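> pasting the structure only:
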């Protein structure tokens with residue numbers, strides 16, 4: 001029988017919606033995650049979902065895509081993500097939606113030791129995969145870096161998940177308005193998309 005995780009039996013009395021997570025540097029913290037879907041071409045945030053900090057990144061991809069379609073009435077041609085998103089379920093869902101999945105395959109202990117680009121689905125090329133993954137680091141992670149450094153998004157302003165979601169919406173709105181002002185009207189539509197989700201501790 002597998003032992004229960006800490007969040008299975010521990011509940012915060014000040015914020016029962018939050019969850020604990022452990023970092024390599026920083027120990028165990030209580031908080032949330034902001035999951036985003038970001039446009040490659042202009043860096044616009046197309047959807048954002050706040051979840052407890054222990055939420056699996058890969059499980060959020062379907063909801064991010066659904067919200068993006070609901071908000072923008074568009075569907076991406078390609079999706080790029082690290083190994084946290086490279087689950088069997090995500091590959092199958094993207095295949096049904098006719099979206100190219102440039103995702104690093106999530107591996108277990110017994111997985112074959114081969115390059116991740118050799119495990120890409122049919123129709124995805126290694127050269128394109130490496131190029132998009134490199135752009136993801138600049139575009140998607142850059143989106144969070146701006147929010148952290150310039151807007152203090154590293155910490156939650158309020159407790160409870162619905163309030164944290166409001167904070168995520170406000171951050172995305174401000175960042176998108178800045179992008180739209182720089183780009184101006186008459187630009188082309190979205191090309192490819194990225195997702196990433198860091199952890200956010202509760203306010204002290």
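Good, I have the coordinates. Note that the structure is a prediction, hence the values are computed from the model and not measured. Numbering: from 1, shown residues only.
> pLDDT of whichever strand or helix holds residue 149, averaged?
Using DSSP states H and E, residue 149 sits within helix 126-151. Averaged across helix 126-151, pLDDT comes to 88.
> May I see the buried residues of it?
Within helix 126-151, the residues that qualify as buried by neighbour count (16 or more other C-beta atoms under 10 Å) are 128, 129, 132, 133, 135, 136, 139, 140, 143, 144, 146, 147. All C-beta spots, glycine's among them, are computed from the backbone N, C-alpha and C.
> Can you tell me which helices and strands whichever strand in the chain runs longest packs against?
Taking DSSP state E as the criterion, the chain has its longest strand at strand 27-39. Contact partners of strand 27-39 among helices and strands, from 3 or more C-beta pairs under 8 Å, 6 or more residues apart in numbering; DSSP states H and E: strand 19-23, strand 45-52, helix 61-72, helix 126-151, helix 161-183, strand 192-196, strand 199-201.
> Each with direction, which strands does that strand pair with?
strand 19-23 (antiparallel), strand 45-52 (antiparallel), strand 192-196 (antiparallel), strand 199-201 (antiparallel) (DSSP bridges).
> Need the contact partners of the second one.
Spelled out, it's strand 45-52. Defining contact as C-beta atoms under 8 Å, 6 or more residues apart in numbering, one finds that strand 45-52 is touched by 7, 17-19, 32-39, 60, 63-65, 67-68, 71-72, 143, 161, 164-165, 167-169, 171-172, 175-176, 190, 193.
> Counting neighbours, which of those residues end up buried?
7, 17-19, 32-39, 60, 64-65, 67-68, 72, 143, 161, 164-165, 167-168, 171-172, 175-176, 190, 193.
> Name the residues of the one helix or strand residue 7 maps to that are buried.
Secondary structure from DSSP H and E places residue 7 in helix 6-9. Counting neighbours by 16+ other C-beta under 10 Å, one finds that the buried residues in helix 6-9 are residue 7.
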